[in-house]
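S.K.: With the sequence up front, the predicted model follows.
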There are 2 protein chains.
Amino acid sequence: MDIEDTLLMIPCQVKVAPRVLRAMSRPMISHRSGEFGAIYNDCRGLLKEFFETKNEVVVMTGSGTVGMDAAVGSIIGREDKIVTISNGKFGERFTEIGERYGRAIPVKFEWGTPFDLDKVKAALDEGAKAVAMVHNETSVGLTNPAKEVGRLARKHDAIFIVDGISSIGGNEFLTDTWEIDIAITGSQKALAVPPGLAMVSVSPRAEDRFQAKSASYYADLKAHLKSVRKSPAQTPYTPAVPLFYALQEALHMAAEEGFAARRARTAKQAEAVRSAAKALDIELFPQVNEQSHYSNTVTAMKMPKGVTDDKLRGGMKKQGVIVSGGQEQLKGKIFRIGTMGVCSTPDILRTIQTLELVLAKEGRLKDRGAGVEAAGKVLGV
Amino acid sequence: MDIEDTLLMIPCQVKVAPRVLRAMSRPMISHRSGEFGAIYNDCRGLLKEFFETKNEVVVMTGSGTVGMDAAVGSIIGREDKIVTISNGKFGERFTEIGERYGRAIPVKFEWGTPFDLDKVKAALDEGAKAVAMVHNETSVGLTNPAKEVGRLARKHDAIFIVDGISSIGGNEFLTDTWEIDIAITGSQKALAVPPGLAMVSVSPRAEDRFQAKSASYYADLKAHLKSVRKSPAQTPYTPAVPLFYALQEALHMAAEEGFAARRARTAKQAEAVRSAAKALDIELFPQVNEQSHYSNTVTAMKMPKGVTDDKLRGGMKKQGVIVSGGQEQLKGKIFRIGTMGVCSTPDILRTIQTLELVLAKEGRLKDRGAGVEAAGKVLGV
């Protein structure tokens, strides 16, 4: 299968629009120049709208993890405690980072099950400088209750850190209303930029409680804030300039569609995938409740009985549609479809139709076309 | 001045060939796929030749600094000592990183003056787990004696860390012969890739002496080594995929020219710049001796008397040629011309001719055309 004919429907990295890909081919400029500063500031202005925040936003070169690393390491020192809530792979990463730099108090739930807020409260009662959580747990397709945890954090005077990497721009994410002190996203998700940039918003309250020196040298929010306040705006270390070109183009593209309109479209697309799953007798993986919802950006489904991961994802790949499997203990047990960024109605229909094709081959398709019809109905086709 | 008509002659970021820029416009792929693993392994194979090493080479998403951070943080813990030698801005960065994670023993020389190896030896006599130095100090245009420091490091059983960011591929750099345990380079230098990737080679000896857990979570060499040994080869966190496309293209381009041929061409080009400076009565900035040489990749020159930085660099920029100024205490006192990567003879001649033009405007040009003639002579024009 040629790469140009392949449709990426994974939640790790969404497809990127040709105009964004082309933006990277512009010649390089000095990252200390006014030209770069203007691009950076244009991005930062639009990112504030994207994050729904008045806080400062900085852009770091690295994966989303560098943003998580910077958030924890800028706040937490050897003697500081941080409550880290997890119900999937990325929540557990916060525990690992917390343990690396200070003392993590993990509040761990089974992958794909909702938070028990009483347990979060109990952990915060022990006294912690910060609490960190993942809003949209990519590994299980579940959206966690940031608003509710934010309220607890404020009551306990803890800095509130939220990984919004696969969330912001796809799910509702209200940085200021939910009083999120440090929010993080990655370029390769709802903005549909190639990977390599982490965007981080920082409240004045977080800045007041920064460590004198961040735990990590490279992932240092203080250094980034100092640099964006220079004229021209810049980054402390050399940035990935082509990715900034792409980010600027993608932010303009998202703003043209409208950030709210893109969120609404994304919600509709995930609903379409869930409808198709139902029509095809495929069970959704995560458990949900009033505060924890099916994700708009990634739908995790149980592997249909009698179908192997290799047959399902391998079979779809042969037709040029790439979907994700489960991670770690969920390997072979679930598969995941991402619906972020510039994903279109034809993309969704092609994906479901390909899924049906594989199910048919495995003798698991009862009602031919039912998935495509269900998805199409939600999408107004 | 249009960006497409601008010639980047700065040592921070060299110009990038159109075929490398275009490589970034390919659609995204999953970074956990065999396709990505094949690209990564192709790059790693060529990078071993580039580094002249049999050691493992990993590629990290971030600036060169993330590589320096990873090198120090993987080896040095709170109680460990590291000798950090500096005679410019980037050497001082090693001291900062060393202080962040452990105990730095700085051996500091004036910017632009050669190392005194007796002082390095005296510091190592105190007992240190590692010694770190910059091979090519970009801030002052001086190449430092890595071979000699390497010998001292081995005698003292210290891990030898060398920043080869603006050096490897431009200067002679013999990772294995000089017994460099951890060598670092950046994508935006002699390889002429856009910025955003750090390449790091790690000896088995360094790996044996890694800390149980690296000081930094994101900049963690152990995690990178673990990931490249998986099948398919991968990175621990999401990599900047388009920059890997560019790296692969640029490595093939450099291999077509020949790594040794590129180094020889780069040496010639720096010699041409120095000849032009002499012909134009412009003094070179760094002091050199038998072990410390004028850099092949960046030539630092004193600002001609009576000419301001603004007139010189601003005047050249008006003609579309971008050169660098001095950093920190050298601001306004020196200017720097980079000659790395895919820089051509016409690029050098255009730069010198533009410099002459500015000098003429400032009434500082005695012998019109002397600079261009001198450079042309070296370049065989």
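M.R.: Perfect, I can see it now.

S.K.: do you know how far the residue in the stretch 251-381 of chain A that chain B sits nearest to is from residue A:336?
M.R.: Proximity of the stretch 251-381 of chain A to chain B (Cβ to the nearest Cβ) peaks at residue A:322, 6.3 Å away. C-beta here means a position set from N, CA and C on the backbone, and glycine is covered the same way. From residue A:322 across to residue A:336, the span is 11 Å (Cβ to Cβ, to the nearest Å).

S.K.: from what I can see residue A:41 touches residue A:231, true?
M.R.: No. With contact defined as Cβ atoms under 8 Å, residue A:41 does not reach residue A:231; the gap is 9.9 Å.

S.K.: and the two? which has more neighbours close in?
M.R.: residue A:41 (14 against 8; other Cβ atoms under 10 Å in any protein chain shown).

S.K.: Excluding sequence neighbours, find me the nearest residue to that one.
M.R.: residue A:233 (5.1 Å; Cβ to Cβ, 6 or more residues apart in numbering or on different chains).

S.K.: Which of the three states applies to that neighbour?
M.R.: coil (DSSP: H, G, I helix; E, B strand; the rest coil).

S.K.: okay, it: pLDDT?
M.R.: Residue A:233 carries a pLDDT score of 98 in this model.

S.K.: Distance check, it against chain B.
M.R.: 17 Å (Cβ to the nearest Cβ, to the nearest Å).

S.K.: separation between that residue and residue A:105?
M.R.: 37 Å.

S.K.: now swap in residue A:218 and tell me
M.R.: For residue A:218 relative to residue A:105 (Cβ to Cβ), the value is 26 Å.

S.K.: Looking at those two, which has the bigger crowd around it?
M.R.: residue A:218 (31 against 18).

S.K.: Next, give phi and psi for residue A:82.
M.R.: phi -140, psi 130 (degrees, to the nearest 10).

S.K.: And residue A:300, by the same measure?
M.R.: According to degrees, to the nearest 10, residue A:300 has phi -100, psi 130.

S.K.: hang on, residue A:319 packs against residue A:354?
M.R.: Yes. Residue A:319 lies in contact with residue A:354 (Cβ under 8 Å); the separation is 4.8 Å.

S.K.: Tell me which of those two has more neighbours.
M.R.: More crowded of residue A:319 and residue A:354, by other Cβ under 10 Å: residue A:354, with 21 against 17.

S.K.: Are we agreed that the more buried one is in a helix?
M.R.: Yes. Counting by three-state DSSP, residue A:354 is located in a helix.

S.K.: number of nearby residues for residue A:117?
M.R.: Using other Cβ under 10 Å: residue A:117 sits among 16 other residues.

S.K.: swap in residue A:158?
M.R.: By other Cβ under 10 Å, neighbour count at residue A:158 equals 23.

S.K.: again, but for residue A:261
M.R.: 11.

S.K.: tell me which element it falls in.
M.R.: Element membership for residue A:261 (DSSP states H and E) is helix A:259-279.

S.K.: by contact count, what packs against that helix?
M.R.: strand A:298-302, helix A:345-361, helix A:370-379 (3 or more Cβ pairs under 8 Å, 6 or more residues apart in numbering or on different chains; DSSP states H and E).

S.K.: wait, which of the ones you listed is closest to residue A:206?
M.R.: strand A:298-302 (27.6 Å; Cβ to Cβ).

S.K.: just to revisit the earlier point, mind listing what the residue of the stretch 251-381 of chain A closest to chain B touches?
M.R.: A:6, A:7, A:8, A:9, A:10, A:313, A:316, B:30, B:33 (Cβ atoms under 8 Å, 6 or more residues apart in numbering or on different chains).

S.K.: who's it bridged to?
M.R.: Beta-bridge pairing for residue A:322 (DSSP bridges): residue A:8.

S.K.: shaky segments in the stretch 51-200 of chain A?
M.R.: For the stretch 51-200 of chain A, not a single residue meets the criterion pLDDT under 70.

S.K.: Much appreciated, bye for now.
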